[in-house]
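Participant: Got a sequence here, can you model it:
(one chain, ligands or ions: 2)
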Amino acid sequence: MRTQVAIIGAGPAGLLLGQLLTRHGIDNVILELRSADYVLGRVRAGVVEKGTADMLDEAGVGARMHSEGLVHDGVELAFGGQRHRISFRDLIGKAVIVYGQTEITRDLMEGRAAAGATTVYEAEDVSLHDIESDRPKVRYRHKGVEQELDCDFIAGCDGYHGISRRSIPDAVLRTYERVYPFGWLGILVDRPPVSEELIYANHERGFALCSMRSPTRSRLYIQCSLEDRVEDWSDERFYEELKRRLDDEAARRLEPGQSFEKSIAPLRSFVAEPLRHGRLFLAGDAAHIVPPTGAKGLNLAASDVFYLWQALLDFYKRGSSQGIDAYSGRALARVWKAERFSWWMTSMLHRFPDSSGFDRKIQQAELDYLRSSQAAQISFAENYVGLPY
Ligand code: APR
Ligand code: PHB
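Facilitator: Ligands and ions are numbered 1, 2, ... in the order given. Predicted coordinates for the structure are as follows:
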């Protein structure tokens, strides 16, 4: 088989890139390790920046997000027994859309099927070859048969555990990492959201977040220990702990219900550089991870895809390699700013097991500054709704 761009991974990054390329007449094939149902079974954050929404519109798959997604003009921060609203609309005239990543993935899959582009699900043992030449190849096994895909470029969109990043020689790849000493225990429950907007809570017992998927479905999180197991947390214990971390009004409005998903996720910050080696590009979680505080994961995948899509258009439509040469630097400049914001929000809102009295006083001062300074709120707002591309 031959294509112009071989895309490894059918997560949001790979599917969005594929859809944008297909709509501009650039042939591409996606190779995905798992089945479509498995990919759709993953539960992930659901805050869509304006730039990401624009990209989904550009890819022709934004309609359901606009009709079913919830436009949020702000968020609430809870600390010291009170809630403080930060209005993106008033501060910078922008908003975000709350719409589950699973739904985005589904919309992208449907768009791809309608466009008739090829996706090979359950592609095993994918390996990349000749990436330093201008005729790279991808080998894989499908239904027990060895296959080879010839292409011009490979887009490594195969997430943190994928093979693309590992195909870049050790001597070339640099990695940067911070692992946080706690996790997030999250549940999904069919109960209305606690508040109309998201509540991010800082409490001495630990962080909490009240998010949502729809007007009838809540996504709730509490900071937990990395030693905790899901079985340690009955729904009753979860709600009791969450209530203690919220202000009185939010605690009263919390309607406990039986959870239908419960999981613990560790938090980490990670960046690999460069994002290009020869004819291989990395995009999304294959190249970087952010802690979920601030919900930047999907949005960063979308901005990488924006730069990569532009680079490939430059190459195929204008015969220029400029965009390709600039891809890594342009994408990383934005990645590091989102890494900074997610790290900062994580540091400001969580209880660190080894924090000193000094650290906690600084955290309180940070929160009080954000509550009282319009300059600080504008900075928060512009990062939360997403920095420009
Ligand atoms: N071969 C083929 N596909 C692979 C391989 C492999 N060796 N390894 C992983 N994959 C697939 C995974 O099964 C997954 O479907 O690559 C896909 C990567 O998707 P994501 O992990 O969703 O990563 P990405 O598309 O970059 O999306 C970033 O989604 O992961 C969340 O938090 C993340 O919100 C962020 C966004
Ligand atoms: C979510 O709804 O899952 C969510 C929202 C905001 C975050 C993280 C997760 O910062």
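Participant: From now on I want contacts and neighbour counts done on CA atoms only, so please keep to that.
Facilitator: OK.
Participant: Might you enumerate the residues of the stretch 101-250 of the chain proximal to ligand 2?
Facilitator: Proximity of the stretch 101-250 of the chain to ligand 2 is confined to Ser211, Met212, Arg219 under the rule Cα under 6 Å from any ligand atom.
Participant: is it true that the second one lies in a helix?
Facilitator: No - counting by DSSP: H, G, I helix; E, B strand; the rest coil, Met212 is located in no helix; its state is strand.
Participant: quick one: contacts for it?
Facilitator: Val98, Pro193, Leu198, Ser218, Arg219, Leu220 (Cα atoms under 8 Å, 6 or more residues apart in numbering).
Participant: chain center to stretch 327-346: distance?
Facilitator: 12 Å (Cα atoms, centre = their mean, to the nearest Å).
Participant: Sorry, slip of the keys, the one I care about is stretch 103-123.
Facilitator: 19 Å.
Participant: ok, residues contacting that stretch?
Facilitator: 11-12, 15-16, 18-19, 22, 28-36, 40, 60-62, 64-65, 140-143.
Participant: Kindly identify which of these also come near ligand 1.
Facilitator: Gly11, Pro12, Leu31, Glu32, Leu33, Arg34.
Participant: Can you add pLDDT and give those residues back as TSV?
Facilitator: Formatted as TSV, those follow (pLDDT from 0 to 100):
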residue	pLDDT
Gly11	97
Pro12	97
Leu31	98
Glu32	98
Leu33	98
Arg34	98
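Participant: Can I have the buried ones of those as a PyMOL selection?
Facilitator: Here is the PyMOL command that picks out the buried ones among those, judged by 16 or more other Cα atoms under 10 Å:
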select buried, resi 11+12+31+32+33
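Participant: Am I right that Ile264 is in contact with Leu220?
Facilitator: No - counting by Cα atoms under 8 Å, Ile264 does not reach Leu220; the two are 11.8 Å apart.
Participant: neighbour count winner among the two?
Facilitator: Leu220 (25 against 20; other Cα atoms under 10 Å).
Participant: quick one: which helix or strand includes the more buried one?
Facilitator: strand 217-224 (DSSP states H and E).
Participant: Note down every partner strand of that strand and its orientation.
Facilitator: strand 174-189 (antiparallel), strand 208-214 (antiparallel) (DSSP bridges).
Participant: The ones you listed: which one's closest to ligand 1?
Facilitator: strand 174-189 (13.4 Å; Cα to the nearest ligand atom).
Participant: what would the residues of the stretch 101-250 of the chain next to ligand 2 look like in JSON lines with pLDDT?
Facilitator: What follows is those, written out as JSON lines (pLDDT from 0 to 100):
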{"residue": "Ser211", "pLDDT": "97"}
{"residue": "Met212", "pLDDT": "95"}
{"residue": "Arg219", "pLDDT": "96"}
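Participant: what subset of the residues you listed is also close to ligand 1?
Facilitator: Okay, of those, nothing touches ligand 1 (Cα under 6 Å from any ligand atom).
Participant: Spit out the residues that contact Ile264 and Leu220 alike.
Facilitator: Gly186.
Participant: Contact residues of the protein facing ligand 1?
Facilitator: 8-14, 31-34, 39, 126, 157-159, 161-163, 284-286, 297-298, 301.
Participant: picking that back up, of the ones next to ligand 1 among the contacts of stretch 103-123, closest to ligand 2?
Facilitator: Pro12 (15.3 Å).
Participant: Apart from its neighbours in sequence, what residue is nearest the closest one?
Facilitator: Thr105 (5.7 Å; Cα to Cα, 6 or more residues apart in numbering).
Participant: quick one: that neighbour and Glu197, what's the gap?
Facilitator: 23 Å (Cα to Cα, to the nearest Å).
Participant: Could you give me the buried positions within the helix or strand hosting Val39?
Facilitator: In this structure, Val39 sits in helix 36-40 according to DSSP H and E. Taking 16+ other Cα under 10 Å as the neighbour-count basis, helix 36-40 is seen to contain the buried residues Ala36, Val39, Leu40.
Participant: With stretch 163-178 instead?
Facilitator: Those would be Ile163, Ser164, Arg165, Ser167, Ile168, Leu173, for stretch 163-178 by 16+ other Cα under 10 Å.
Participant: go on, stretch 115-135?
Facilitator: For stretch 115-135, the neighbour count (16+ other Cα under 10 Å) marks Thr119, Val120, Tyr121, Glu122, Ala123, Glu124, Val126, Leu128, Ile131 as buried.
Participant: One more: stretch 99-116?
Facilitator: 99-109, 111-112.
Participant: Stretch 216-228 now?
Facilitator: For stretch 216-228, burial by neighbour count (16+ other Cα under 10 Å) applies to Ser218, Arg219, Leu220, Tyr221, Ile222, Gln223, Cys224, Ser225, Leu226.
Participant: what distance separates that stretch from the centre of its chain?
Facilitator: With Cα atoms, centre = their mean, you get 17 Å for stretch 216-228.
Participant: how near is the residue located most distally from the centre of the chain to ligand 1?
Facilitator: The centre of the chain is farthest from one residue, Val145, which by Cα atoms, centre = their mean lies 33.6 Å away. For Val145, the distance to ligand 1 (Cα to the nearest ligand atom, to the nearest Å) stands at 16 Å.
Participant: what pairs with that residue across the strands?
Facilitator: According to DSSP bridges, beta-bridge pairing links Val145 with His142.
Participant: Tell me if I'm right that Asp150 and Met1 touch.
Facilitator: Yes - judged on Cα under 8 Å, Asp150 makes contact with Met1 at a distance of 6.3 Å.
Participant: neighbour count winner among those two?
Facilitator: Neighbours per residue (other Cα under 10 Å) separate Asp150 from Met1, with Asp150 holding more: 18 against 9.
Participant: Let me see the backbone angles for that one.
Facilitator: phi -90, psi 140 (degrees, to the nearest 10).
Participant: and if you look at Thr118?
Facilitator: Torsion angles, degrees, to the nearest 10, at Thr118: phi -90, psi 130.
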